[in-house]
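[1] need coordinates for the following:
(2 chains)
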Amino acid sequence: MGGSAVGSSRIRWQVLRTPGLGAAQEDTQEKETITPERAEEAKLKAKYPNLGQKPGGSDFLMKRLQKGQKYFDSGDYNMAKAKMKNKQLPSAGPDKNLVTGDHIPTPQDLPQRKSSLVTSKLAG
Amino acid sequence: MAGEGREGAEERGNDIQWCFSQVKGAVDDDVAEADIISTVEFNHSGELLATGDKGGRVVIFQQEQENKTQSHSRGEYNVYSTFQSHEPEFDYLKSLEIEEKINKIRWLPQKNAAQFLLSTNDKTIKLWKISERDKRPEGYNLKEEDGRYRDPTTVTTLRVPVFRPMDLMVEASPRRIFANAHTYHINSISINSDYETYLSADDLRINLWHLEITDRSFNIVDIKPANMEELTEVITAAEFHPNSCNTFVYSSSKGTIRLCDMRASALCDRHSKLFEEPEDPSNRSFFSEIISSISDVKFSHSGRYMMTRDYLSVKIWDLNMENRPVETYQVHEYLRSKLCSLYENDCIFDKFECCWNGSDSIVMTGSYNNFFRMFDRNTKRDITLEASRENNKPRTVLKPRKVCASGKRKKDEISVDSLDFNKKILHTAWHPKENIIAVATTNNLYIFQDKMN
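    This next block holds a predicted model:
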């Protein structure tokens, strides 16, 4: 089970009150047995000491509400989509790709729009 | 009811013996993101089984009519219809992509020859009509059979077109599009028992729609705080009561369920009942709130109980008792000592669904390593099974699996550290009448049946 870096783009949980985090150390001294959950918490705090210190339980929830990649504008979005499609489908050929960027293309120069619909493999 | 024979068998102490029936989807390990299955749902008769995927596509399977010569197995499910339900969109105001992933599919009860279902992505709900066409008119006077117009001067006689049989064609068409009503991401849709209205829930709001009206919806729950800094919980799931058309529930990320009665007021911000299990404060940890977040809520068919799924357990609540569940089943308690790693690899945020069998006696939910679990409420016995192509032989009973939490691992057991956390079963469905289940792995759909003798 590999771990991802804390700085990854996924959501991170920030709790408003963190009674467990501070108390964990005292607990290990007081109690002989420590619940597995608390042990895991101590592990997490050892790895990421700054976790949970920033107040505001809403950070995590705010990020959850906004899930999805942000783009600069619709042009940026369409460029990213086009790049993804070109990776998935075989390219039309080197000649057609040379057209854009060299001069203003005319409708005849542009390659045919490839179909975006691929049938689900469940139906295959 | 078809299941009666089986229920008798269960009373005699014979548990269901599950056998592999079918598997749908690609064999290769390299999974394209669009092929990830995101929802599975039987229709009310169980004859149709719908799946939705991350690519916005819906595939509907239909059960074959029972074959008299093959009395030892029920009909197979074959592809009936497939269509592109949602396409990716761009939210210009927020510069965010709107995923085409189908979050939920819900079937309408059948009213006429056609079938209807609601499918939703993060922002838009669509009502699809699936209809069959098995005959077409032939013998037009002004058109050729291929559709071209005839030269009018060649038309000398008049004939009456007749309907002739043709190969069955199944057509799906979008009849209603319910858009622009959700600022946040839709997580649930639920059709009311009045069969006229339905609800859609996002992270902070729940809306009530009429199936015929697309330009208006009523907001019935709004938990958005005036100051977003004060946000402490979000709505995770919502469902209408199966019999009372005025009652619905919604679950939260804090592990609570609120039952609301629409007769009480137009805006159901004040719940009629609040279901919450008291927490032992000495057990509280950094993970407590995350693992208590409810990922799914489902009423029993009877309407007397509801089931909730949180990260580690399944709980059954009696609607008459708010202060604690009546039954709690541990799905994978051995993960409690792995929460740190599960937090780091984000698995702790996985949203598992759960389902009831037709008679409300057994509940089922998924886990990791392509395992899924069933809990028999009467016998209190549970079983762990695996959805894997290795168990491919039809009518061979599936072998129960066991995870070894710690210590000595017995033969045939699998240790917690060997579990594949990328193989998650988040979506399962149980046929409303028979012991047939549909289990979705990442990109494959498995169908299992009980052994018929």
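[2] which helix or strand contains residue 78?
    Defaulting to chain A. Taking DSSP states H and E as the criterion, residue A:78 maps to helix A:74-88.
[3] switch to chain B, that's the one I care about
    Counting by DSSP H and E, residue B:78 is found in strand B:77-84.
[4] what residue in chain B comes nearest to chain A?
    residue B:344 (3.5 Å; C-beta to the nearest C-beta). C-beta coordinates here come from the backbone N, C-alpha and C atoms, glycine included.
[5] quick one, phi psi at that residue?
    Dihedral angles of residue B:344 (phi, psi; degrees, to the nearest 10) stand at phi -70, psi -40.
[6] equivalent analysis for residue B:342, please.
    According to degrees, to the nearest 10, residue B:342 has phi -70, psi -30.
[7] with adjacent residues omitted, what lies nearest to it?
    With C-beta to C-beta, 6 or more residues apart in numbering or on different chains as the criterion, residue B:342 has its nearest non-adjacent residue at 4.4 Å, and that residue is residue B:348.
[8] confirm that that neighbour sits in a helix.
    Yes. Counting by DSSP: H, G, I helix; E, B strand; the rest coil, residue B:348 is found in a helix.
[9] could you check stretch B:77-90 against chain A for contacts?
    Yes. Stretch B:77-90 is in contact with chain A by C-beta under 8 Å from any C-beta of the partner chain, via B:79, B:82, B:84, B:87, B:88, B:90.
[10] okay, strands next: where are they in the stretch 351-453 of chain B?
    Along the stretch 351-453 of chain B, the segments classed as strands by DSSP state E, counting those that start in this stretch run B:354-356, B:362-366, B:371-376, B:382-386, B:403-404, B:414-415, B:427-430, B:436-440, B:445-450.
[11] can I get these in TSV including distance to chain A and mean neighbour count?
    Shown next, in TSV, are these (distance: least, C-beta to the nearest C-beta, whole Å; neighbours: other C-beta atoms under 10 Å in any protein chain shown):
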stretch	distance to chain A	mean neighbour count
strand B:354-356	19	22
strand B:362-366	18	24
strand B:371-376	16	22
strand B:382-386	19	19
strand B:403-404	14	18
strand B:414-415	12	16
strand B:427-430	13	22
strand B:436-440	10	26
strand B:445-450	6	22
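[12] partner strands of the strand holding residue B:78 and their direction?
    As defined by DSSP bridges, the strand partners of strand B:77-84 come to strand B:57-63 (antiparallel).
[13] buried ones in stretch B:304-317, by neighbour count?
    By neighbour count with 16 or more other C-beta atoms under 10 Å in any protein chain shown, stretch B:304-317 contains the buried residues B:305-317.
[14] any low-confidence regions in the chain?
    Because you didn't say which chain, this covers chain A. A:1-33, A:52-59, A:87-103, A:105, A:108-117 (pLDDT under 70).
[15] that was the other one, I meant chain B.
    B:1-14, B:67-73, B:453.
[16] how about the helices in it?
    For chain B, helices defined by DSSP state H occupy the ranges B:4-11, B:288-292, B:339-344.
[17] return the residues in contact with residue B:403.
    The neighbours of residue B:403, taking C-beta atoms under 8 Å, 6 or more residues apart in numbering or on different chains as the test, are B:332, B:334, B:371, B:384, B:413, B:414, B:415, B:416, B:419.
[18] counting neighbours, what do you get for the closest residue to the last one other than its chain neighbours?
    Spatial nearest neighbour of residue B:419, chain neighbours left out: residue B:369 (4.4 Å); criterion: C-beta to C-beta, 6+ apart. Using other C-beta atoms under 10 Å in any protein chain shown as the criterion, residue B:369 is surrounded by 22 other residues.
[19] so who does residue B:369 touch?
    Residues counted as contacts of residue B:369 (C-beta under 8 Å, 6+ apart) are B:386, B:414, B:419, B:420, B:421, B:423.
[20] wait, the third one sits on residue B:384?
    No. Residue B:419 is beyond contact range of residue B:384, at 11.6 Å (criterion: C-beta atoms under 8 Å).
[21] what's the neighbour count on residue B:322?
    Applying other C-beta under 10 Å, we find 17 residues neighbouring residue B:322.
[22] which residue packs closest to residue B:100, ignoring adjacent ones?
    residue B:56 is the one closest to residue B:100 (C-beta to C-beta, 6+ apart), at 3.1 Å.
[23] ok, now residue B:76?
    Nearest residue to residue B:76 in three dimensions, chain neighbours excluded: residue B:64, at 5.2 Å (C-beta to C-beta, 6+ apart).
[24] isn't the one you found up against residue B:78?
    Yes. Counting by C-beta under 8 Å, residue B:78 is a contact partner of residue B:64 at 6.4 Å.
[25] who touches the residue nearest to residue B:117 when sequence neighbours are not counted in this structure?
    Excluding the flanking residues, the one nearest residue B:117 by C-beta to C-beta, 6+ apart is residue B:107, at 4.9 Å. By C-beta under 8 Å, 6+ apart, residue B:107 lies in contact with B:41, B:42, B:43, B:44, B:48, B:50, B:115, B:116, B:117, B:118.
[26] run a quick neighbour tally on the last one.
    In other words, residue B:118. Neighbours around residue B:118, by other C-beta under 10 Å: 22.
[27] same deal with the first one?
    Residue neighbour count, defined by other C-beta under 10 Å, stands at 20 for residue B:41.
[28] surely it meets residue B:428?
    No. Look at residue B:41 against residue B:428 with C-beta under 8 Å: they stay out of range, at 10.5 Å.
[29] what do these two both touch?
    With contacts defined as C-beta under 8 Å, 6+ apart, no residue is shared by residue B:41 and residue B:428.
[30] what about stretch B:267-284 and chain A, touching?
    Yes. Contact of stretch B:267-284 with chain A is found when judged by C-beta under 8 Å from any C-beta, involving B:281, B:283, B:284.
[31] hey, C-alpha coordinates of that stretch in CSV?
    C-alpha atoms of stretch B:267-284 as CSV (Å, rounded to 0.1, in the frame of the first residue of the first chain):
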residue,chain,number,x,y,z
LEU,B,267,-38.4,24.2,3.5
CYS,B,268,-37.5,21.1,5.5
ASP,B,269,-34.5,22.6,7.3
ARG,B,270,-35.8,21.4,10.6
HIS,B,271,-35.8,17.6,10.7
SER,B,272,-38.6,15.5,12.1
LYS,B,273,-36.2,12.9,13.3
LEU,B,274,-32.4,12.9,13.8
PHE,B,275,-30.7,9.6,13.8
GLU,B,276,-27.3,9.6,15.5
GLU,B,277,-25.3,7.0,17.4
PRO,B,278,-23.7,8.6,20.4
GLU,B,279,-19.9,8.5,20.3
ASP,B,280,-17.6,7.5,23.1
PRO,B,281,-15.5,10.6,23.6
SER,B,282,-12.6,8.7,24.8
ASN,B,283,-12.4,6.9,21.5
ARG,B,284,-12.4,10.0,19.5
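[32] got a list of contacts for that stretch?
    By C-beta under 8 Å, 6+ apart, stretch B:267-284 touches A:19-20, A:35, A:37, B:206, B:219-223, B:255-262, B:264, B:288, B:292, B:315, B:317, B:319, B:322-325.
[33] PyMOL command to pick out the buried ones of those residues?
    Only the buried entries of these go into this PyMOL selection, using 16+ other C-beta under 10 Å:
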select buried, (chain A and resi 20+35+37) or (chain B and resi 206+220+221+223+255+256+257+258+259+260+261+262+288+292+315+317+319+322+325)
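[34] sort out for me which of the contacts of stretch B:267-284 are in strands.
    Among these, DSSP state E puts B:206, B:219, B:220, B:221, B:222, B:257, B:258, B:259, B:260, B:261, B:315, B:317 in strands.
[35] spit out the contact partners of the residue nearest to residue B:342.
    B:287, B:290, B:291, B:311, B:339, B:342.
[36] out of those, the closest to residue B:152 would be?
    residue B:311 (71.9 Å; C-beta to C-beta).
[37] now that closest one, nearest residue through space, not along the chain?
    Counting by C-beta to C-beta, 6+ apart, residue B:311 lies nearest to residue B:291, which is 4.0 Å off, once chain neighbours are set aside.
[38] so who does that neighbour touch?
    Residue B:291 makes contacts with B:310, B:311, B:312, B:339, B:348, as judged by C-beta under 8 Å, 6+ apart.
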